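# quick one: sequence plus predicted model below, questions after.
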Amino acid sequence: MTDLTSLDTLETPAAVVDLDRMERNLDTAASYAAEHGLALRPHVKTHKSPRIASAQLARGAAGLTCATPFEAEVMATVSDDLLLAYPPVGAARAERIAALPANVRVTVALDSVQAVDEIGHAARAAERTVGVYVELDVGMHRVGVPALEDALALASRVNAVRGLELAGVAFYPGHVRESVDEQDAALRRLGDGLDRALSRFKAAGLSVPVVSGGSTPTLWRTHELPGVTEFRPGTYVYNDRTTAAIGACAWEDCALSVLATVVSTAVPGQAVIDAGTKALGREPVRGADGEGFGQLLEHPEVIVARMSEEHGVLDLSRSDWRPVVGERVRVIPNHVCIVVHLNDLVYGVRGDAVETSWPVAARGRGQQAV
């Protein structure tokens, strides 16, 4: 059996995490939350790992945010306070949420009467109480109630359903994608809308103990938004090329890369690596440098210009570096969340030494065969 003690011994492509960088990312976000009196409830969609979730909780995270019932089932092994930041629509989804261990405080974010009724029914059947955040549309126009009158009516319905309790409101500022230093106008509009919403809830006599929002692109400016008590960044744990491009992190904060091997240099001006769409995903990068599907950690002037399923083509036109067949490279992906989901295992490294590894335990849906 191969002794997996260095990067050179890993079979590629492989997801590797620089432990020093990741730990610094975790520490910095935890310090920011403490400094501004905010509850950090990190989204596990990025790492999908109880091990990393435990590290976040050990640094003071108030609980965890999940997107799927399976993520919640896995994270219930390490946390007793979980938020499902996804509408619990459909009886099967609602029943899985309500079936989480009794010691876990469960909250869901939703924006429809149907979701209220379905999670309410599941909660009563499970003989438990489920908290509800009414989701507000603050500009992304994906989910969330756009009209305040409708949001107030939905909150009142939550209060009327046995098995549910109105725990707060939620929003996701995913439409704020400008560079961090260019977000002023967008955050001002967001803050004004949020302030109006909270005033209307208060005037209607609807208590919202928690105002939950935030994202990695807006992470470091969350404290500027009026009334926010909790924020839910996910990508910050590893960061990626997009996060760096918009200034939400430095290049040196990108902790996860895809280790790949150069398998061909036959065509002049390019090199081919063994990491294609099934290792890197196919999401474009946002920000000023919008080309390609990844960028080399050691040679940031080199991008993955195009891909097929198992091949990634490196564009060498802007670099004096010329790799040889068999050489190893590390690719910073455009969107790290997708890349993690493509892996069964992540390796933790310090320098070139492989120190540890952990499974991507919440990968997939956790569905049962029939």
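Nice, I can see it.

# got the CA coordinates for the longest strand anywhere in the chain in PDB?
Longest strand in the chain by number of residues, with DSSP state E as the criterion: strand 256-264. Below are the C-alpha coordinates for strand 256-264, written out as PDB (Å, rounded to 0.1, in the frame of the first residue of the first chain):
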ATOM      1  CA  LEU A 256      -8.200  24.400  -1.300                       C
ATOM      2  CA  SER A 257      -6.700  23.500  -4.600                       C
ATOM      3  CA  VAL A 258      -7.000  20.600  -6.900                       C
ATOM      4  CA  LEU A 259      -3.700  18.700  -7.200                       C
ATOM      5  CA  ALA A 260      -3.300  17.600 -10.900                       C
ATOM      6  CA  THR A 261      -0.600  16.000 -13.000                       C
ATOM      7  CA  VAL A 262       0.600  17.200 -16.400                       C
ATOM      8  CA  VAL A 263      -0.200  14.400 -18.800                       C
ATOM      9  CA  SER A 264       0.600  15.900 -22.100                       C
END
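
# what is the burial count for Pro284?
11 (other CB atoms under 10 Å). To be clear about C-beta, it is placed using only N, CA and C from the backbone, and glycine gets the same treatment.

# for it, give me its contacts.
290, 293, 334 (CB atoms under 8 Å, 6 or more residues apart in numbering).

# including pLDDT, secondary structure and neighbour count, could those residues go into CSV?
Listed next are the contacts of Pro284 as CSV, based on pLDDT from 0 to 100; DSSP: H, G, I helix; E, B strand; the rest coil; neighbours: other CB atoms under 10 Å:
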residue, pLDDT, secondary structure, neighbour count
Gly290, 70, coil, 11
Phe293, 96, coil, 25
Asn334, 97, coil, 27
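
# on that earlier part again, how about the longest strand of the chain: buried residues?
Judged by neighbour count (16 or more other CB atoms under 10 Å), strand 256-264 contains these buried residues: 256-263.

# sheet partners, orientation included, of that strand?
strand 14-18 (antiparallel), strand 270-273 (antiparallel), strand 328-333 (antiparallel) (DSSP bridges).

# to Leu136, which of those lies closest?
Proximity to Leu136, assessed across the strands paired with strand 256-264 by CB to CB, is greatest for strand 328-333 (31.0 Å).

# all helices of the stretch 151-300 of the chain, in order?
184-203, 241-245, 277-280 (DSSP state H, counting those that start in this stretch).

# ok, and what's touching the shortest one?
Counting by CB under 8 Å, 6+ apart, the neighbours of helix 277-280 from elsewhere in the structure are 13, 258, 260, 293-294, 304, 307-310, 312, 331, 333-334, 339, 342.

# C-alpha coordinates for stretch 269-281, CSV please?
Coordinates of each C-alpha in stretch 269-281 appear next as CSV, following Å, rounded to 0.1, in the frame of the first residue of the first chain:
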residue,chain,number,x,y,z
GLY,A,269,1.8,26.7,-26.1
GLN,A,270,-0.3,24.5,-23.8
ALA,A,271,-0.2,21.6,-21.3
VAL,A,272,-2.9,19.2,-20.5
ILE,A,273,-3.6,18.1,-16.9
ASP,A,274,-5.7,15.2,-15.6
ALA,A,275,-8.3,17.6,-14.1
GLY,A,276,-11.3,18.4,-16.2
THR,A,277,-15.0,19.2,-15.6
LYS,A,278,-15.3,16.2,-13.2
ALA,A,279,-12.6,17.7,-11.0
LEU,A,280,-13.0,21.4,-11.4
GLY,A,281,-16.7,21.9,-12.4
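
# could you give the mean pLDDT of it?
When pLDDT is averaged over stretch 269-281, the result is 98.

# can you pull the contacts of Leu136?
Contacts of Leu136 by CB under 8 Å, 6+ apart are 144-145, 151, 169-171, 194, 197.

# counting neighbours, which of the residues you listed comes out on top?
Going by other CB under 10 Å, Ala170 tops the contacts of Leu136 with 29 neighbours.

# got the domain ranges for the chain?
The chain breaks down by automatic domain parsing into domains covering 7-13+246-359, 19-239.

# assign a three-state SS to Val349, would you?
At Val349 the chain is in strand, as set by DSSP: H, G, I helix; E, B strand; the rest coil.

# now it: closest residue in space, sequence neighbours ignored.
Using CB to CB, 6 or more residues apart in numbering and skipping the chain neighbours, the partner closest in space to Val349 is Val16 (5.3 Å).

# next up, the contacts around the one you found.
By CB under 8 Å, 6+ apart, the contact set of Val16 is 7, 10, 256-259, 330, 346-349, 354.

# at 7 Å instead, please
7, 257, 259, 330, 347, 349 (CB atoms under 7 Å, 6 or more residues apart in numbering).

# would you map the strands across the stretch 201-350 of the chain?
210-213, 230-231, 256-264, 270-273, 294-296, 303-307, 312-315, 328-333, 345-350 (DSSP state E, counting those that start in this stretch).

# packing partners of the fifth one?
Packing partners of strand 294-296 (3 or more CB pairs under 7 Å, 6 or more residues apart in numbering; DSSP states H and E): strand 303-307, strand 328-333.

# what of the last one?
Under the contact criterion of 3+ CB pairs under 7 Å, 6+ apart, the helices and strands touching strand 345-350 comprise strand 14-18, helix 19-36, strand 353-359.

# check which helices and strands the second one sits against.
Packed against helix 19-36 by the contact rule (3+ CB pairs under 7 Å, 6+ apart) you find strand 39-40, strand 345-350.

# and the angle for that helix with strand 353-359?
Angle, helix 19-36 to strand 353-359, by axes from the mean of the first three to the mean of the last three CA atoms, to 10 degrees: 60 degrees.
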